[in-house]
Every structure is written in structure tokens, then in C-alpha cells.
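For reference, the sequence and a predicted model appear below.
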Amino acid sequence: MMTANAKTGITVAVVCAAFAALALAFLSEAGGSHPARPPIPLVDTNFLDTSTTRKSYADLVRAKEDLSDFDCYICHEKNKAPPLRLDTNQNIIVAPEHVGPATFAADDISSNNLAGIIRRLRRHADPVSTFLWQSMSNSEQVLVTDYKPSEPSAKQAQEMVVAVLNKVIGGPCLYEPGRFIGILLGAETIVHLQHSTTGPNLPHLNRLLLEDAYPVELSRDRSGDIVMGHGQHGRNNNCFNCHNETNLVLLQPRDGRELTFAQSTKLCGSCHGPTLRDWEAGAHGRISGFWDRSLGAIERKDCVNCHNPHYPHFPSRQPAPGPHPLKEVDVADVFSTRQQ
Amino acid sequence: MGRRSFLRTSAVLTTGLAALAASMKPLLEMNDFPTMERFLQKYYKEMTPQDMAKVLKRIEDEVEQQYGLRPHVRDLKPMDGVEYVYCLNLTRCIGCRKCVHACVAENNQSRDPEIQYIRVLRLPDGSLDVDKAEHFYAPDAVPEKGYFYMPVQCQQCKNPPCTKVCPVHATWQEADGITVVDYDWCIGCRYCEAACPYWARRFNFTKPSIPKERLNPDMSYLGNRPRRQGVMEKCHFCIQRTRAGRYPACLEVCPAGARKFGNILDPNSEVSYILKSKRVFIQLKEEMGTSPRFFYYFDV
């Protein structure tokens, strides 16, 4: 039979011991500390870039760049309007000189990029590389497997890769949805696919598809490739709706004015009136600089800084990384639980 | 006192002290104890220009010591006759999130964990119900068919609930409409975060980590100077830029030109034009009565 004092003493002792043990466990992190979060990589500086995707004629003049692309009479004859040709689907057949290259040349691919292509061909893990691998003969596959950049056979391998690409370009249309899953198709590629997967521009389309499939190794400035994608349902299917056929260095709106390439915004505005009005008020497009005009200058972007005049639809792009939650969010899991 | 009572008392005391020591463990990791100068700093609205000059110098010294780069910290006052308004064109936003990262770069936010003032919601076409929104979308290419994108940041409400609940008045609305936070006055109770219907407020749970090479040295007291652990922060319309007459960083980077900013009291500004001529203007969660200064509209 314990005295009251003894009972109190034992209770106090037990409770103290329990709390002391808990305090020790907390201090020593006996239960394990939080698992470390994976580090968040710094965002790619591409996503911080404020420049527009295209340069206008006025920008090129200011930057004193080469303007020979805009001197039409280097190739065209003066006073002779170029002919307009339509195919059976009533799409304009753009002259091959304006369409862009249809085959690869050996010096289109630098040695770094060649190594990248060969690596992907060796692995043949993605559908396009698999297709290319399967279209190569045994000896060609051996060349790829044994490729080393420093060997004398490296040059032979480069010529062989270019030959394989050109062979595939000359074949049927490369595009199958399953083959191009996860590949971001360029705006020109999409317009070509909408127009036709056969016909005289097919080699060019195949080249564009290869460039899209190898966006690092085969990239090039495509702003000189002309594809007629202005207006839905082929409504704007005449080069000379905008270009002046008697003087190719001028643009012509429907009211008979003559505009230079530097004044292209007025041409766009001659049909897209409400948009021009919004642009002048600052509601369309982007103004950079000072909202308080008395404190500094503004820079107003022209139509062609964002829109390619031949296929003006705004191109898709990869989004920047989203929010980083404390736990790894399995995006597929998140989507499956949300009823859309 | 007898032996037993001595032992009992000392056991209790020891346990108590051990528990106290365990609970004070975070203090072991604290390395930015306030200096006497910062501890005795006056409330922002009571500071004289001389006080402010001393405070700005202190901040410049601290940032230089920590990042090796001497910043230029200013205290910009609101301009007369100016009330800022932001208009966002939902027809144009493509959901690329460049605004999110331009804001992070301009405003010296923590990168790990990354604090982002702007949250872009992806909503299915045909509904403005934010319950259907997806925050973590990560497709290969945007915009995706069948969806539209709505970036949400601090709405700088005319009737802000966050400033009403702050127990220490560390946050208030300035004359030009920007709701600001004094990072040296904030006690980190997060009542304002609870009160905001838009989740515009972010809390620094850990010490912010900013890589030295990405520090923006052009700072202001109420704006983008580096914060400490335990204070709130939020979008302040790039106060260091806008009070100097410039556009905010999110607007400058938007590739689609979806963002429009300006002075609503100026009848010639683009925001006045938009509010007068564009057809639909919605304010997010209008029914909350916060009267946001952020207007979403559709173009055609």
C-alpha cells in the first residue's frame, strides 16, 4: 500500500522520464529528418528574354543588316510580273526559290550536331530515329555504330548521314501522328501539312519535319521560307493581294497606295482596321518602356515583329516551368483526379 | 525542503529545461539576428527622410555583405494624380509563364524554394470557374486547344481584406493604389495570407536563396529588396519600375502582348481605352467585394 507521496513521486518520475526521452528524440532527430527536396534548377534565360521572335524591315535597316533578300530584282526581271500558279487544291504553288531548301548539304551539319544525330541514331529510341535507322543499309548502320569524331572515317560518316536524310526526304511524306508525338511542329510545317502531303513541295515538307524532329542538330533560320498560310480556307490565295506585281519592292493595299517594306504595318491595317486602331491606342501588341511618356521613350512593336506576314497565326511554344510544390507532383496523377 | 521534494522539483525542472532547449533548436540555425539599428527602426510612415536615408544605407550594406554586389536602394514615393490599373487580355494569353519568371528575376525572389507571385491558371473554354483550374499544367506546347489561360497575381484591391487584418499595420495601401508590405515591420503571422481571396501573398518559410549572378541591384525599400525568413511578400506592380514611370517586368516580357498597365486617371492611357472600348471586363471573385484593380477582358 503506497503512501500518497510515493504515488506522486512515481508519477512525476515517470512523466519526467517520458518527456526527457521525447526531448532527446526531438533534439537528435531520431525519427529521421524530412527528406531533402530535389533542388530547383535555375530557369532557362530564354524565358526571361524580352525580344520578339522576328525582326521587322525597319529593325534590319537600323541594325545595318544585309538587306539583299529584299532586293527582288537581283533575280526577277523588271517590268515582268511573276506568274501565279495554283495546284489542284487551289493552293498557291510557291516558287522553289522562295520555298526554302529541300535537301541537306554536307556543310549544313556541324560536327557537334553530327555527333548528336549519330547518338540518337545509335540509340534509335524515338520513332523518327527508329525510322531513319530502319531505312539505312547494314553497312551504313555499321558506320554509325563505329563513328568516332577524330577518325578519318568521320567525314565519310557525315556524307553518309546527309545521304540518308536526303533519301528519306525524297520518299513519301514522313508525317504520321504516332511518329511525331511530343515533337513541337513549326508553324511552316503545320501549314504545309494542312495544304498537302503530296505535290511539288513534299521534299521541303519532309525536310521541315526532320528539322522539327531534331530541333538542336538541324535547326536553321526559317524566316526566308515562304508558305501561303494567310487567311482561313485559302481566302487570301494571291501573292499580289499584298505585293505589287509591277514593282516587287513595294507593297500595295487595296486602295492603290504604294508602301515600302518598312511601312508594312499600314498594309496590315488596311484590311485589319479594328486591330490597327487597337494597336495605335496601345491595346494590341506590346509597348515597352515607359507608361509615363513624359519620363522616357517607348518602343512600339510592328505587326511583323510577332506575326509572320505569310502565316500570321501565333506560333505555339514550350511553356516555362510551373510552380514547384513541396512534394513531387506526378502530373499524370494530378490530371487523373481532376474531372474536366 | 526534504530530499524527496528536492528530487521531485529538480526532476520536473530538468525536464522542463530540456523541453525548452529542444523547442529553441531553430534559434541555433538563425544567423541573422536583428542589429540594434534594425530593432529600433521606426515605422515607415513615421520616418523622416534622414531616417530613411540611414535605413537605405543599412540595406545596401547588408546586401553587399551577403551577395558581394552593392545595390542601389531607393524609396520612391507615389506620383500625384496616378492610380494604377492592370488589364489582362484573356484572348491573347498563351500560358507560356514567361511573366512568372520575369517577375521572379526582377523582384529578387527566393529561387529554392521558388516563390512566384504570379500563378497562371489553365481553365477549360466556356467557364470562369476557378475550381476547374489547373495550376501545374506542363504540356509540350502552349496554347492547348480547348483551354484558355488566366494569370493571377495581387489584384491591388480598392477594398483590400489583407490590410484590415494585419495586427501591426505592416501592410497598407498607398495613394497610387499599390498595397505594400514593410518587410522590416512584418511579424510573419500570415493573417493577410489567410484573408486574401486570391492567394496573392507569399510567405518566406525558409531563408530565401538568390543566386548572386541573378540578383537585380536596382531595388526599392517597399519593393524588391531581398527579404528575410519569416516575412510576407507579394506582387507590388514592380514598384521600383512603375513609380519611375516604367512598365512592370511581367508586361515587358509577355510575347503575346496580353498585359496592359497604366494610369486610370489619365484618359489617354491604353488602360482607359481598354476599359472604355473593350466589351467584357471581369474582376476575379467580384462577389467578395474587394474591388480589384486588375481587369480581365476578352478582345473579340
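It's in.

For the residue nearest the centre of chain B, grab phi and psi.
Centroid-nearest residue in chain B, with CA atoms, centre = their mean: residue B:234, separated by 0.9 Å. Taking degrees, to the nearest 10, you get phi -170, psi 170 for the backbone angles of residue B:234.

contacting residues around it?
Residue B:234 sits next to B:117, B:154, B:179, B:181, B:200, B:201, B:202 when contact means CB atoms under 8 Å, 6 or more residues apart in numbering or on different chains. (Glycine included, C-beta is placed from N, CA and C.)

closest to residue B:254 among these?
The shortest approach to residue B:254 among the contacts of residue B:234 belongs to residue B:117, at 14.9 Å (CB to CB).

Based on its surroundings, how many neighbours for the closest one?
Around residue B:117 there are 21 other residues, counting by other CB atoms under 10 Å in any protein chain shown.

Contacts only, for the nearest residue to residue B:106 once chain neighbours are set aside.
Nearest residue to residue B:106 in three dimensions, chain neighbours excluded: residue B:249, at 3.7 Å (CB to CB, 6 or more residues apart in numbering or on different chains). Residues in contact with residue B:249 (CB under 8 Å, 6+ apart) are B:99, B:102, B:103, B:105, B:106, B:107, B:238, B:241.

pLDDT at residue B:249, what is it?
Looking at residue B:249, its pLDDT is 96.

Return the subset of the contacts of residue B:234 lying in strands.
Those of the contacts of residue B:234 mapping onto strands are B:179, B:181, B:202, per DSSP state E.

The first one against residue B:173, yeah?
Yes. At 4.8 Å, residue B:179 counts as touching residue B:173 under the criterion of CB atoms under 8 Å.

Mind checking which of the two has more residues around it?
Each of residue B:179 and residue B:173 has its neighbours counted (other CB under 10 Å); residue B:179 has more, 25 against 16.

which residues touch the more buried one?
So residue B:179 contacts B:154, B:156, B:157, B:160, B:162, B:163, B:171, B:172, B:173, B:234, B:236 (CB under 8 Å, 6+ apart).

Which members of these are classed as buried?
Buried residues within those, defined by neighbour count using 16 or more other CB atoms under 10 Å in any protein chain shown: B:154, B:156, B:157, B:160, B:162, B:163, B:171, B:173, B:234, B:236.

in the stretch 101-250 of chain B, which spans are strands?
According to DSSP state E, counting those that start in this stretch, the stretch 101-250 of chain B carries its strands in the segments B:119-124, B:147-152, B:171-173, B:179-181, B:202-203, B:218-220, B:232-233.

okay, these in JSON lines with mean pLDDT next?
Shown next, in JSON lines, are the strands of the stretch 101-250 of chain B (pLDDT from 0 to 100):
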{"stretch": "strand B:119-124", "mean pLDDT": "95"}
{"stretch": "strand B:147-152", "mean pLDDT": "96"}
{"stretch": "strand B:171-173", "mean pLDDT": "97"}
{"stretch": "strand B:179-181", "mean pLDDT": "97"}
{"stretch": "strand B:202-203", "mean pLDDT": "95"}
{"stretch": "strand B:218-220", "mean pLDDT": "96"}
{"stretch": "strand B:232-233", "mean pLDDT": "96"}
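
Redo these as TSV? Include distance to residue A:183.
Listed next are the strands of the stretch 101-250 of chain B as TSV, based on distance: least, CB to CB, whole Å:
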stretch	distance to residue A:183
strand B:119-124	22
strand B:147-152	21
strand B:171-173	48
strand B:179-181	45
strand B:202-203	36
strand B:218-220	40
strand B:232-233	39
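
of all the contacts of residue B:234, which comes closest to residue B:71?
Distances from residue B:71 to these, taken by CB to CB, are shortest for residue B:181, at 18.6 Å.

how far away is the closest one from residue B:66?
20 Å (CB to CB, to the nearest Å).

With residue A:84 instead?
Taken as CB to CB, the span from residue A:84 to residue B:66 is 66 Å.

likewise residue A:113?
42 Å.

Also residue A:205?
55 Å.

So if I had to pick from the two, which one is more boxed in?
The neighbour count for residue A:205 versus residue B:66, taken as other CB under 10 Å, is higher for residue A:205 (26 against 13).

which residues does whichever residue of the stretch 101-250 of chain B sits closest to chain A contact?
Closest to chain A within the stretch 101-250 of chain B is residue B:245: 3.4 Å, counting by CB to the nearest CB. By CB under 8 Å, 6+ apart, residue B:245 lies in contact with A:290, A:291, A:292, A:294, A:295, A:296.

Quick check, pLDDT for the last one.
According to the model's per-residue confidence, residue A:296 sits at a pLDDT of 93.

what does the second one give?
Residue A:291 carries a pLDDT value of 95.

mind listing the helices for chain A?
For chain A, applying DSSP state H gives helices covering A:4-28, A:57-62, A:96-99, A:111-123, A:127-134, A:138-145, A:153-169, A:187-195, A:202-213, A:264-271, A:273-281, A:303-306, A:331-337.

Now render the ones you listed as a markdown table, adding mean pLDDT.
Listed next are the helices of chain A as a markdown table, based on pLDDT from 0 to 100:
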| stretch | mean pLDDT |
| --- | --- |
| helix A:4-28 | 85 |
| helix A:57-62 | 89 |
| helix A:96-99 | 82 |
| helix A:111-123 | 86 |
| helix A:127-134 | 90 |
| helix A:138-145 | 86 |
| helix A:153-169 | 86 |
| helix A:187-195 | 83 |
| helix A:202-213 | 90 |
| helix A:264-271 | 94 |
| helix A:273-281 | 94 |
| helix A:303-306 | 92 |
| helix A:331-337 | 50 |
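
need the ones you listed in JSON lines with distance to residue B:125, can you?
Shown next, in JSON lines, are these (distance: least, CB to CB, whole Å):
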{"stretch": "helix A:4-28", "distance to residue B:125": "52"}
{"stretch": "helix A:57-62", "distance to residue B:125": "35"}
{"stretch": "helix A:96-99", "distance to residue B:125": "35"}
{"stretch": "helix A:111-123", "distance to residue B:125": "37"}
{"stretch": "helix A:127-134", "distance to residue B:125": "31"}
{"stretch": "helix A:138-145", "distance to residue B:125": "46"}
{"stretch": "helix A:153-169", "distance to residue B:125": "38"}
{"stretch": "helix A:187-195", "distance to residue B:125": "21"}
{"stretch": "helix A:202-213", "distance to residue B:125": "27"}
{"stretch": "helix A:264-271", "distance to residue B:125": "27"}
{"stretch": "helix A:273-281", "distance to residue B:125": "22"}
{"stretch": "helix A:303-306", "distance to residue B:125": "23"}
{"stretch": "helix A:331-337", "distance to residue B:125": "17"}
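
Reformat those into a markdown table and put distance to chain B next to each item.
Compiled in a markdown table, these are given as follows (distance: least, CB to the nearest CB, whole Å):
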| stretch | distance to chain B |
| --- | --- |
| helix A:4-28 | 4 |
| helix A:57-62 | 16 |
| helix A:96-99 | 24 |
| helix A:111-123 | 18 |
| helix A:127-134 | 15 |
| helix A:138-145 | 27 |
| helix A:153-169 | 23 |
| helix A:187-195 | 11 |
| helix A:202-213 | 11 |
| helix A:264-271 | 14 |
| helix A:273-281 | 4 |
| helix A:303-306 | 7 |
| helix A:331-337 | 6 |
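
how much space between residue B:11 and residue B:20?
15 Å.

Nothing else from me, thank you.
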